[in-house]
Every structure is written in structure tokens, then in C-alpha cells.
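Colleague: Need coordinates for the following:
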Amino acid sequence: MRTRPTRDDTREKLFEAAAQVFEERGIGAASIEMIAAAAGFTRGAFYSNFESKDDLIVAMLEDHVERSLQHHRRLLERHLNPTDFVAALRATERSRQDPLGRAPLLHMELILFVARSEKRRPELAQRLRARRKLVADIVTATTRETAGGEVRNPAWASSMLLALEDGFRLHRLIDPDSTPADSFFRAVGELQKLVE
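Modeller: Numbers count the residues shown, from 1 in each chain. Model (predicted):
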């Protein structure tokens, strides 16, 4: 006897299918019918989970941020030393069940898509603030473990780190030959030396 998929299973399949369709067709050309078909569902199944394509995109970004927050918090529980934390972050693969973690270009396209919508921008800002808060908590916890280490303004440090990560991600998409995959981690290693 086949079990009926849960709401979470359905949403996850729609996220995966949307990521695939967006990458193949572009966000503008992708239709709800295409996304539903790629997931093996009907339009009705789509609309029982999301009001619109915009609603799906915001939900995908929310899911990505939530997975990222959970992943980083789990690492922080086990690695309070900043060097250990960065090493653990480099060694783990969180993108297996995160379509946006696997596709940085798509991630940026979705962010730009939402950012262009003034109505949706506050939702995106809320997710950005959650990421900043997490990184500020990581900065505070890990520098506390370093002998004499202290960051005067963890919130500003977190903004700089996220901008650095996004910048290297974009540079790698444009020019992978001169932007190593570990550019962000190498830069964080250099920054660590400033607080040790």
C-alpha cells in the first residue's frame, strides 16, 4: 500500500522541481504547470501549497535560509574554536538536500527576483537579518574561545562576512579560473588573524 506524501514531502519535491525548471528555462519563462509537471504533480497540488510562483520563490528562499541556520547552529554546538569552526564548515556538504545550496547562480537570481518586488522586499530583508544574527552569534561565540579575542561590533562583522561571501560567490560565477572555490574561507582565515 502506497503512503500519501506529506505536505513537507510535496513542498520539497516542488522546490526541487522549481530549481530544475528555473535553471533550464529561466524564472520568467517557468510556469506553474511546468513546475508541477516536473515534480509529478497537478496544478491543484501546486496551489494547495503555494498561492503563486512568487509565493513559491519566497518559500524556497526561506527554506534555504532555515536549512543554513540549522546547519551552522549544529556546527557551532560542536566547534567553538574559530579555526575548528571554519574547518568544519569547509568539510561539510549541506547542499545535498538544498537546491539553492547546490546552485549559487539560481540562488542569486531568486534573491534579485524578490528584491525587485517592493512588496516582497521586507520578507527578503527579514531573512537577511536572520542570517546576520546567526553570523554575529558565531563571531561572538568563536572569538570568545580565542585567547583574548573579542569583536567590538559583531553585527557589523557579520554584515562584512556575508557581503564577502556573496562577493566571492559572484566572482566565482563570473571568473572561476581566478577565484578559487575556497576564496571565502581563505579570506576568513586572514580575518581570524586580526582578532587572535
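
Colleague: which residues are in contact with the lowest-mean-pLDDT helix or strand in the chain?
Modeller: Taking mean pLDDT, DSSP states H and E as the measure, the chain has helix 99-102 as its least confident helix or strand, at a mean of 72. With C-beta atoms under 8 Å, 6 or more residues apart in numbering as the test, helix 99-102 has contacts from 15-16, 18-20, 60-61, 63-64, 67-68, 94-96, 106-107, 110. No exception for glycine: its C-beta is placed from N, CA and C like everyone else's.

Colleague: what do you get for stretch 125-134?
Modeller: 61-62, 65, 68-69, 72-73, 155, 158-159, 162.

Colleague: next one: stretch 179-196
Modeller: Counting by C-beta under 8 Å, 6+ apart, 82-83, 86, 89-90, 143, 146-147, 149-151, 161, 164-165, 168-169, 171-172 sit against stretch 179-196.

Colleague: Show me which of those residues are buried.
Modeller: Buried subset of the contacts of stretch 179-196 (neighbour count, 16 or more other C-beta atoms under 10 Å): 82, 86, 89, 143, 146, 151, 161, 165, 168-169, 172.

Colleague: Of those, which is the nearest to Gly44?
Modeller: Nearest to Gly44 among these is Arg169, at 36.7 Å by C-beta to C-beta.

Colleague: If you count contacts, what does the strand or helix carrying the closest one end up packed against?
Modeller: When secondary structure is defined by DSSP states H and E, Arg169 falls within helix 154-174. Packed against helix 154-174 by the contact rule (3 or more C-beta pairs under 8 Å, 6 or more residues apart in numbering; DSSP states H and E) you find helix 104-115, helix 121-145, helix 183-195.

Colleague: For burial, what's the neighbour tally of the closest residue in space to Leu105 that isn't next to it in sequence?
Modeller: In space, and not counting its chain neighbours, Leu105 is closest to Leu173: 5.4 Å by C-beta to C-beta, 6 or more residues apart in numbering. Using other C-beta atoms under 10 Å, Leu173 has 12 other residues around it.

Colleague: Likewise for Ile111?
Modeller: Other residues close to Ile111 by other C-beta under 10 Å number 18.

Colleague: now Arg129
Modeller: Counted with other C-beta under 10 Å, Arg129 comes out at 11.

Colleague: Would you mind measuring from it to Glu123?
Modeller: According to C-beta to C-beta, to the nearest Å, Arg129 and Glu123 sit 11 Å apart.

Colleague: Test my guess that Arg121 contacts Val114.
Modeller: Yes: using C-beta atoms under 8 Å, Arg121 is in contact with Val114, at 7.0 Å.
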